[in-house]
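1. Provided below for reference: sequence and predicted model.
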Amino acid sequence: MGAGIALSRIIGVVRETIFAHYLGNSVPAAAFKAAIRIPNFLQNLFGEGVLSASFIPVYAELIGKGERQEADRLAGAVFGILSLLTSTVALAGVLGTPLLIDLFAPGFEGEARALTIQLVRILFPGCAFLVMSAWCLGILNSHRRFFISYAAPVIWSAAQIAVLLGAGPRTSEGRLVEYLAYGMVAGSVLQFAIQLLPVLRLLGSFQPAISAARASVRQVFRGFGPIVLGRGVVQISAWVDTAYASLISARAVAALSYAQNLSLLPVSLFGMAVSASQLPAMSQARGTPEEIAAQLRARVNQGLARIAFFVVPSSAAFLLLGDVVAGAVYQTGRFTFSDTRYVWYLLAGSAVGLLATTSGRLYASTFYALKDTRTPLYFAGLRVLLTAALAYLSAVRLPSALGIPRELGGVGITATTGMAAWLEFLLLRRVAHRRIGKTGLGLKRLLALWASSLVAAAIALGLKLLLARQLGVPAADTGHWEGAALAAPSLPPVLTGILVLGTYGALYFALTAVLRVPESAIVFRRLKPR
C-alpha cells in the first residue's frame, strides 16, 4: 500500500510542478484550484473514506467467514446503489454550479467566478467515476490487494500531465485550465477502468442491484449514514478553508492548494496507508472481547509508531525547511521565489497538526473496525466548529488588527486547522482507551523522534544558509512583502532540495539509529539487501 501511494504521490508532485510552471499563482490557477474543491466534495463524501469505514468491515468479515456468495451479492448491491446516488448528485451539481460557487468561493468575482463555474461543470461527472474507483478499492483491500488500488491514481495524474505538456506551451492560461479539466475527467474514467478488471476477477459473480433487501447491505448503509455525515463535516472544514482564502485573495486560494498538496503527502503516505491497511485486519479480529481488545491495542500501537517515525520529521521539515521543499517542487516558470516563500509560511502552519491528523485517522479506523461510526462523527463535528471559528478570527480579522499583510491570514487557516486536529485526536484516543485499553507511543519515544528531527533540521538549515553565503547570494528583491531582505538561493531549487533535504533525511535516520528507535532498524533491514 505504501508503495502504491508513494508512486501515485510522486507522479502527483510532478503534475503539480508542471501546473505551477505554466500557471503559477495566476487567476486561472486559483479558479482551477477552487473548481476542483467543489466536485471533490462529492468524491470525499461518498468515496474512499466512507466506503473504507462502512463497506470494508462488513465485506471483509463475510470473506473471513467464508461466505463468498453473500460477499459478492453485497458488492453488487453497493455498486448499484452507489452508482445511482453519485449520478444523481453529479447531475444536481452541474445544474446548481453558480450557487455552489457563491458558497465555496464567495470572494470570487468577474473573470475568476465565470471561469470557476465553467470548470466545475466539466469536472463534476469525472468525480462520480472517482467515487466508483473507491468501490473497487474496497473490494481489492478486503482481498489484501493493495498496490493496484493505490497506484491507480497514477493514470489520473498522467492524463493531466499529458494535457499540460501538450497544450501548455502554446495555449492561454484560461484555455489551458479548460483543457486540463477535460483531461482530469478522462483520467477519472481510466482510473476506474484499470481497477475494474482485477475486481471482476476477484468476484465470483457480479450482479449490480439497487436493493437493500439483504441484511449485509442494510448493515453497510446503517454505518454509511453517520460516516457520510462525518465526512460531510470534514468537507465543510475544507469548504471553510477555501471560502476564507477567497476572501483574502485569489493568490491565497492557489497558494493554500499548493501547500495542502504538500502537507497531504505524509498524511497519505503514512497516515492513510497505515490506517487503511490495518482496517481489514482489525475488522477480522476474533475471540473474546478481551482478546479482540488486545489485538486492536497491538495494531494501534504498531500503527502509531510507524506513523510518528515518518510524520514527526515531516512536520519539522515543513516548519524549518518549507521553502526548500516548496522550491524543489514548484519553483519553475511562473512560480517565483516569492510564491515559494508564501507557500512555506502556509506549510509551517500545517506542521502544527500533522501528527494529530495522521494519528487520528488510525483511531478512527479502530472505531470503524468496532462497527462504531458515530464516535468519529461527533468529534469531527466538534473539530470543524472550532476550526471555523478560529480560522475566521486568525485569517480574516487578525491581520488587520495586528497591522500585518492581509495574505498572512492564510497561515491562520492552516495553523488553526492543526490545533483543532489535536483536540479531535485527544478525544478519539480518550474514548478508545475506554473501549480497548491504553494505547500510545510513550514520552521517551516521542522525545527521541522530535530531538532527532529538530537537530537534523537545524543542521540542514545551516547548510542552506552556508550555501547561500558561499555563493554570495544577494538579498531578494521580489517586490513582495514575503521576499524582502531574504536570501534567494542561486542554486537551482531542485539541486538545493537534493543537497539540503538529502542531508536532513540522512541525519534523521542516523540519529534515530543511534537512539535505538525500533523503526529505524526496520528501515535499515529493508534497505540492506538493496
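-> Yes, it's here.

2. what's the closest non-adjacent residue to Ser216?
-> Nearest residue to Ser216, sequence neighbours excluded (C-beta to C-beta, 6 or more residues apart in numbering): Leu74, at 4.5 Å. Where you see a C-beta, it was placed from the backbone N, CA and C, and this is true even at glycine.

3. which SSE is the one you found in?
-> Assigned by DSSP states H and E, Leu74 falls within helix 68-95.

4. list the contacts of the helix or strand just after that helix.
-> Counting by DSSP H and E, the next helix or strand C-terminal to helix 68-95 is helix 97-104. Residues from elsewhere that reach helix 97-104 (C-beta atoms under 8 Å, 6 or more residues apart in numbering): 34, 37-38, 93, 108, 113, 116-117, 120-121, 124, 239, 242-243, 246.

5. pretty sure Ser246 sits in a helix.
-> Yes. Assessed by DSSP: H, G, I helix; E, B strand; the rest coil, Ser246 belongs to a helix.

6. which residues are in contact with it?
-> Contacts of Ser246 by C-beta under 8 Å, 6+ apart are Ala34, Phe104, Ala105, Pro106, Gly107, Phe108, Ala252, Val253.

7. in the chain, which spans are strands?
-> With DSSP state E as the criterion, the chain has no strands.

8. the closest residue to Thr358 other than its chain neighbours: neighbour count?
-> Nearest residue to Thr358, sequence neighbours excluded (C-beta to C-beta, 6+ apart): Gly271, at 2.9 Å. Neighbourhood size, Gly271 [other C-beta atoms under 10 Å]: 24.

9. cool, Leu499 as well?
-> Leu499: 16 neighbours (other C-beta under 10 Å).

10. what does Arg286 show for phi and psi?
-> Backbone torsions of Arg286, given as degrees, to the nearest 10, read phi -130, psi 160.

11. same check on Arg145?
-> phi -110, psi 90.

12. my guess is it contacts Pro198, does it?
-> Yes. Using C-beta atoms under 8 Å, Arg145 makes contact with Pro198 at a distance of 6.8 Å.

13. related to what we said a few turns ago, from Gly24, how far out is the residue nearest to Ser216?
-> As judged by C-beta to C-beta, to the nearest Å, Leu74 and Gly24 stand 47 Å apart.

14. now Leu196
-> 37 Å.

15. those two: which is more packed in?
-> Gly24 (20 against 16).

16. assess the claim that the more buried one and Arg334 are in contact.
-> Yes. When contacts are counted by C-beta under 8 Å, Gly24 is listed as touching Arg334 (3.1 Å).

17. show me which of the contacts of helix 97-104 is closest to Gly4.
-> Distances from Gly4 to these, taken as C-beta to C-beta, are shortest for Arg37 (24.6 Å).

18. so what's the spatially closest residue to that closest one that is not a sequence neighbour up against?
-> Spatial nearest neighbour of Arg37, excluding adjacent residues (C-beta to C-beta, 6+ apart): Thr242 at 5.2 Å. By C-beta under 8 Å, 6+ apart, the contact set of Thr242 is Ala34, Arg37, Phe104, Ala105, Val253, Leu256.

19. hmm, the fifth one is touching Ala34, no?
-> When you say that, I think you mean Val253. Yes. At 5.5 Å, Val253 and Ala34 qualify as touching, with contact defined as C-beta under 8 Å.

20. find residues that contact each of these two.
-> With C-beta under 8 Å, 6+ apart, Val253 and Ala34 have common neighbours Ala105, Thr242, Ser246.

21. can you give me the distance of the residue nearest the centre of the chain to Gly166?
-> Taking C-alpha atoms, centre = their mean as the criterion, Leu264 is the residue nearest the geometric centre of the chain, at 3.7 Å. Look at Leu264 and Gly166: by C-beta to C-beta, they are 27 Å apart.

22. and what of Ala356?
-> 41 Å.

23. so for the two, which sits in the more crowded spot?
-> Legend: neighbour count by other C-beta under 10 Å for Ala356 and Gly166, higher for Ala356 (22 against 12).

24. can you pull the contacts of that one?
-> Contact analysis of Ala356 by C-beta under 8 Å, 6+ apart lists Gly418, Ala421, Trp422, Glu424, Phe425.

25. that older thread, which members of the contacts of Ser246 are classed as buried?
-> By neighbour count, with 16 or more other C-beta atoms under 10 Å, the contacts of Ser246 hold Ala34, Phe104, Ala105, Gly107, Phe108, Ala252, Val253 as buried.

26. from the residues you listed, which has minimum pLDDT?
-> Among the buried ones among the contacts of Ser246, Phe104 carries the weakest pLDDT, at 69.

27. so where's this protein shaky on pLDDT?
-> Within the chain, the stretches with pLDDT under 70 are 41-53, 104, 223-236, 469-490, 523-524, 526-530.

28. distance check, Arg341 against Ala326.
-> In terms of C-beta to C-beta, Arg341 sits 8 Å off from Ala326.

29. try Thr336
-> Distance from Thr336 to Ala326, by C-beta to C-beta: 11 Å.

30. between the two, who's got more neighbours?
-> Higher neighbour count among Thr336 and Ala326: Ala326, with 28 against 21, using other C-beta under 10 Å.

31. you'd agree the more buried one is up against Ser338?
-> No. Ala326 is beyond contact range of Ser338, at 11.3 Å (criterion: C-beta under 8 Å).

32. buried ones in stretch 255-265?
-> So stretch 255-265, judged by 16+ other C-beta under 10 Å, has buried residues Ala255, Leu256, Ser257, Tyr258, Ala259, Gln260, Asn261, Leu262, Ser263, Leu264, Leu265.

33. for Ala212, which non-adjacent residue is spatially closest?
-> Spatial nearest neighbour of Ala212, excluding adjacent residues (C-beta to C-beta, 6+ apart): Arg218 at 5.5 Å.

34. was I right about the one you found contacting Val78?
-> No. Using C-beta under 8 Å, Arg218 makes no contact with Val78, being 11.4 Å away.
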